[in-house]
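Participant: Got a predicted structure here, sequence first:
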Amino acid sequence: MSVKAVVLLSGGLDSSTVLYYAKADGCNCYAMSFDYQQRHRRELDAAKAIARTAGVIDHQVVTFDLTRWGGSALTDDRIDLPQSRSIEQMSRDIPITYVPARNTIFLSFAVAYAEVLEAERIYIGVNALDYSGYPDCRPDYIAAMQEAFRLGTRQGREGKPIEIVAPLIDLKKTEIIQLGNRLGVPWEKTQSCYAGGERACGVCDSCRLRLAAFAELGLDDPIPYDRVV
């Protein structure tokens, strides 16, 4: 019997790779994306395109509002996005693009959906080696959430805990791109930019990390950019 899996899908490079990874794992995939009133909706358009291309069984888009209290450049327009930072600058501190407890919120929705589906796995594209340093993208966090799933769900208490699968957590961005290339991820449909214009800005942290990884591999990123520095 095929494994059912809920895949968290933002429409970016990492989560799209994870969706194709789950499919290669032989899973029947149910995608879940989130409209939390973030700075733009272009990533949701990308998520919908990726979900269609990957042929998921269902794609849930969950809506709620994190702008009610802000606290991040992605949920408060009064906070400027960091721009044109070096890789070394990005690695110093947890950036203002960190959305407080976002992955905890996402995983909470995902485990509720997974229990209804009687799914065995949840796939998430967190990465601990990326330069963002987000606290909810690290192995100890995933281990803690796995234990919470075991203790806080019926499936867990009945000895069938839903597994959190984070296949990218120890990969460099270049390795993620190489994996996505092997899996056939359509990079041209993905969206990583924090700014959300018609073309990727090329100067936000997310754009710079993505561009640097493609360049290191000697590859062209197929999405259009306003600036490449």
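Facilitator: Cool, got the structure.

Participant: in the longest helix along the chain, what's buried?
Facilitator: Looking across the chain with DSSP state H, the single longest helix is helix 102-117. Buried residues in helix 102-117, defined by neighbour count with 16 or more other C-beta atoms under 10 Å: Arg102, Asn103, Ile105, Phe106, Leu107, Phe109, Ala110, Val111, Tyr113, Ala114, Glu115, Leu117. The C-beta positions use only the backbone N, C-alpha and C, and glycine is treated the same way.

Participant: So which of those residues is the closest to Arg208?
Facilitator: Arg102 (20.7 Å; C-beta to C-beta).

Participant: any idea how far that closest one lies from Cys207?
Facilitator: Note on Arg102: its distance to Cys207, by C-beta to C-beta, to the nearest Å, is 19 Å.

Participant: for Ser16, same thing?
Facilitator: 16 Å.

Participant: In terms of packing, which of these two has more residues around it?
Facilitator: Ser16 (31 against 24; other C-beta atoms under 10 Å).

Participant: so that one makes contact with Gly184?
Facilitator: No - using C-beta atoms under 8 Å, Ser16 is not in contact with Gly184, being 10.7 Å away.

Participant: Next, work out how far apart the residue of the chain most remote from its centre and Glu115 are.
Facilitator: Residue farthest from the centre of the chain, counting by C-alpha atoms, centre = their mean, is Glu158 at 29.5 Å. Distance, Glu158 to Glu115, using C-beta to C-beta: 11 Å.

Participant: same thing with Cys193?
Facilitator: 34 Å.
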